[in-house]
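[1] Take a look and give me a structure for this.
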Amino acid sequence: MKSMMLFGEMLLRLTPSNHQLLIQANQLNMVYGGSEANIAVALSNWGEKTSFATCVPNNNIGLAAIMQLRQYGVNTDFVIQKGHKMGLYFVEQGHSIRPTEVTYDRQNSAFVEAMPSDYQLEEMLENVKWIHLSGISMGVSKQAREVTLKLAKLAQEKNIKVSFDFNYRTKIWGIEEAREAFLEILPYVNVCFGSYLDAFTIHQLHGKGIKVETLEEKLAILKDFCKEYGFDAFFTTDREVLENNVQNLSCAVVTSNEQHILGPVKVNVLERIGTGDSFVAGVLFGLNNSYSLTETLDFALSSFALKHTIVGDFQIASKQAVQDFDINGKHVVIKR
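    Take a look at the predicted model:
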């Protein structure tokens with residue numbers, strides 16, 4: 001049985017209790033996460049054979065990160081232990097009118113400083129049918145960007161499906177540098193995740209006065225983007241804030257000749273972090289199990305919505321819980 005491979009930085013998340021600010025806190029709750037690690041855990045939790053490649057420090061913090069992955073059944077054979085620092089991020093949870101604030105401390109982390117020669121790229125892709133990569137890895141360092149691009153090229157040579165999440169973060173890099181990196185990797189991508197804003201980045205349309213208001217207008221832009229780069233599909237999410245922590249969640253997929261929209265589902269948000277990763281995991285699970293595009297959206301939106309009710313980075317809802325989740329009474333229960 002071939003596996004799904006994910007590459008990216010695993011992070012240690014530190015959060016004050018009871019919605020406190022960091023300046024108030026005298027203790028911090030600790031959990032592991034990071035976009036690609038979150039996806040790997042979700043897929044493994046749903047029964048997929050999953051491997052994760054990264055670099056963590058050669059100390060007990062790094063060992064604890066590896067043990068977290070193994071706890072959920074993720075293969076860690078390609079997790080390198082080297083260096084001294086774990087990438088960190090601090091989350092000050094918002095409440096009412098105060099938004100959640102995230103502060104990163106990932107400079108000089110083991111992953112950021114790892115060299116391309118540290119990774120066994122050929123071996124990483126043996127018996128792999130799908131690899132998922134993201135813009136975050138391309139943004140944190142030149143070395144990680146090089147590894148990400150090499151993996152995409154090598155995967156294409158080996159007829160391995162490549163999915164890519166733009167995951168653009170203004171706190172990591174500037175828009176022009178990101179555009180340059182995205183242009184390098186997109187020719188090797190089969191399935192894309194992001195928004196119409198990513199297409200704007202590629203075509204340098206930000207600040208040009210182009211108004212895009214409806215979901216239909218956004219999808220029209222993404223459909224043209226699919227045609228331009230020959231993606232099999234482009235998946236996107238949409239959220240409407242109704243009040244404080246109440247939101248409507250929707251999702252859609254476009255190809256060069258079709259589109260499907262699902263939602264909205266109304267949720268009371270307990271946790272925002274990791275929700276997008278849960279959507280990506282749901283899509284990858286559906287595609288890997290030969291679901292139709294509409295069935296894939298159904299599973300992914302259920303995962304996306306449920307993660308808003310689960311504290312921490314990881315999507316730990318079971319496959320059964322996701323399959324049985326009722327999207328406003330319109331859910332198609334998938335039994336496979």
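[2] Double-check residue 136 against residue 10; I have them as touching.
    No - under the criterion of Cβ atoms under 8 Å, residue 136 makes no contact with residue 10, lying 11.6 Å away. C-beta coordinates here come from the backbone N, C-alpha and C atoms, glycine included.
[3] So which of these two has more stuff around it?
    More crowded of residue 136 and residue 10, by other Cβ atoms under 10 Å: residue 10, with 28 against 23.
[4] mind checking pLDDT for the more buried one?
    Residue 10 carries a pLDDT score of 98 in this model.
[5] List the buried residues for stretch 28-44?
    Residues of stretch 28-44 classed as buried by neighbour count (16 or more other Cβ atoms under 10 Å): 31-44.
[6] Quick check: mean pLDDT of that stretch?
    The model assigns stretch 28-44 a mean pLDDT of 97.
[7] With stretch 226-234 instead?
    94.
[8] Just the ones of the buried residues of stretch 28-44 in strands?
    Under the assignment DSSP state E, these contribute 31, 32, 33 to strands.
[9] ok, the second one to residue 83 distance?
    Using Cβ to Cβ, to the nearest Å, one obtains 17 Å as the distance from residue 32 to residue 83.
[10] Which of the three states applies to the residue nearest the centre of the chain?
    Centroid-nearest residue in the chain: residue 277, 3.6 Å away (criterion: Cα atoms, centre = their mean). Three-state call for residue 277 (DSSP: H, G, I helix; E, B strand; the rest coil): helix.
[11] How about it: what's its closest non-neighbour residue?
    Leaving aside its chain neighbours, residue 277 sits nearest to residue 38 (3.9 Å; criterion: Cβ to Cβ, 6 or more residues apart in numbering).
[12] hang on, isn't that neighbour packed against residue 315?
    Yes - taking contacts as Cβ under 8 Å, residue 38 lies within contact range of residue 315: 6.6 Å.
[13] Name the residues contacting each of those two.
    Counting by Cβ atoms under 8 Å, 6 or more residues apart in numbering, the residues touching both residue 38 and residue 315 are 274, 277, 278, 281.
[14] For my notes, please list the residues you listed in CSV and give distance to residue 259 for each entry.
    Putting these into CSV (distance: Cβ to Cβ, whole Å) gives the following:
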residue, distance to residue 259
274, 26
277, 23
278, 22
281, 22
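[15] Which one (most neighbours) among these?
    Using other Cβ under 10 Å as the neighbour criterion, residue 281 leads these with 32 neighbours.
[16] Please, which helix or strand holds it?
    helix 275-288 (DSSP states H and E).
[17] What helices and strands are in contact with that helix?
    Packed against helix 275-288 by the contact rule (3 or more Cβ pairs under 8 Å, 6 or more residues apart in numbering; DSSP states H and E) you find helix 35-45, strand 128-134, strand 161-165, strand 191-193, strand 233-243, helix 293-307.
[18] Out of these, which is the most enclosed?
    Mean neighbours per residue, mean count of other Cβ atoms under 10 Å, is largest over these for helix 35-45, with a mean of 27.
[19] what's the angle between it and helix 293-307?
    110 degrees (axes from the mean of the first three to the mean of the last three Cα atoms, to 10 degrees).
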